[in-house]
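Student: coordinates for the following, if possible.
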Amino acid sequence: MPRNPASAASQTVWLLDLDNTLHDASWRVFPLMNAEMTTFIERHLGVEREEANRIRAHFWQRYGATLLGLMHEHGVDAAQFLRETHDFAHLPRMLRCDGSERAALARLPGRKLVLTNAPRDYARRVLKTLKLWPLVDGLIAVEDMWMFHKLRPKPDARMLRHVLARHRLRPAQCVLVEDTPGHLQAARRIGLRGAWMVRYARRAVRTKRDLPMERTGLHGRPDFVAGRIRSLNELKRLG
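Tutor: Numbers count the residues shown, from 1 in each chain. Predicted coordinates for the structure are as follows:
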């Protein structure tokens, strides 16, 4: 934290998504993660793989996260789901991050908090493997998104307000950097600016071809975002 309170109040605070924002998760992480989630559903609900895929897609569309659907409709334990679907023994081989992106993050002025729906252990491993851990000021993972005994991951506006209050942040000083338009739209409703990262979007469309896609398209800039970026280096114009 800056020593000068006035400086802290005026600086830009970047709320940075992790997967497909700080690194190319669609290259190897997302395909395996989707497969692990489908296997989890097969095993715990006792259904065939085709039905498990359908359930995964349906919950993603209805709840915004497969985990929420499994919790609400089947009483699945969140910690068990996250552990079994994010424990990648060969994670370092599945990650890549352009050196220019690492340098851009290092140069970016302001406070940098990673805000991810991923579990803490996975997020920390990703950040440390890609040498991004020393460049950020904090990590807010899905375990930090429980409110009143309910899990409220992005894009839940109540959770976003809670994060701002806990860190004593004003919405106007924050920029959410995300690859998911729906999360940016929700953040805009409570006063946050948004930067839509599209660097990995085309591969993400192919990776998620079995899931319903949001109707923003890959071209143009939705009116609820302040910028459409292909590199973290472009964030400096939003600061």
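Student: mind listing what's buried in the longest helix along the chain?
Tutor: Identified as the longest helix of the chain according to DSSP state H is helix 29-45. Residues of helix 29-45 classed as buried by neighbour count (16 or more other CB atoms under 10 Å): 29-31, 33-34, 36-38, 40-42, 44. (C-beta placed from N, C-alpha, C; glycine too.)
Student: for the protein, give me the ranges with low pLDDT.
Tutor: The chain contains residues with pLDDT under 70 at 1-9, 202-220.
Student: which stretches of it form strands?
Tutor: 13-16, 111-115, 138-140, 146-147, 150-151, 174-178, 193-197, 227-229 (DSSP state E).
Student: chain center to the fourth one, what's the gap?
Tutor: Per CA atoms, centre = their mean, to the nearest Å, the displacement of strand 146-147 from the mean C-alpha position of its chain is 17 Å.
Student: let's have the chain start at 829 instead
Tutor: In the new count, where the first residue is 829, that last one comes out as strand 974-975.
Student: quick one: strands adjacent to that strand?
Tutor: strand 978-979 (antiparallel) (DSSP bridges).
Student: which residues are contacting the strand it pairs with?
Tutor: Applying CB atoms under 8 Å, 6 or more residues apart in numbering, the contact partners of strand 978-979 are 895-896, 899, 906, 970, 973.
Student: if we go to 6 Å?
Tutor: With CB atoms under 6 Å, 6 or more residues apart in numbering as the test, strand 978-979 has contacts from Ala906.
Student: ok, now stretch 1020-1031?
Tutor: 848-849, 852, 854, 999, 1002-1005, 1007, 1012, 1015-1016, 1046, 1053-1058, 1066.
Student: just the buried subset of those residues, written out for PyMOL, thanks.
Tutor: Remark: buried members of those, expressed as a PyMOL selection using 16+ other CB under 10 Å:
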select buried, resi 848+849+852+854+999+1002+1003+1004+1005+1007+1012+1015+1016+1053+1054+1055+1056+1057+1066
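Student: surely Val1005 touches Leu844?
Tutor: Yes - counting by CB atoms under 6 Å, Leu844 is a contact partner of Val1005 at 5.0 Å.
Student: domain parsing for the protein?
Tutor: Domain ranges of the chain: 833-852+923-1066, 857-914, per automatic domain parsing.
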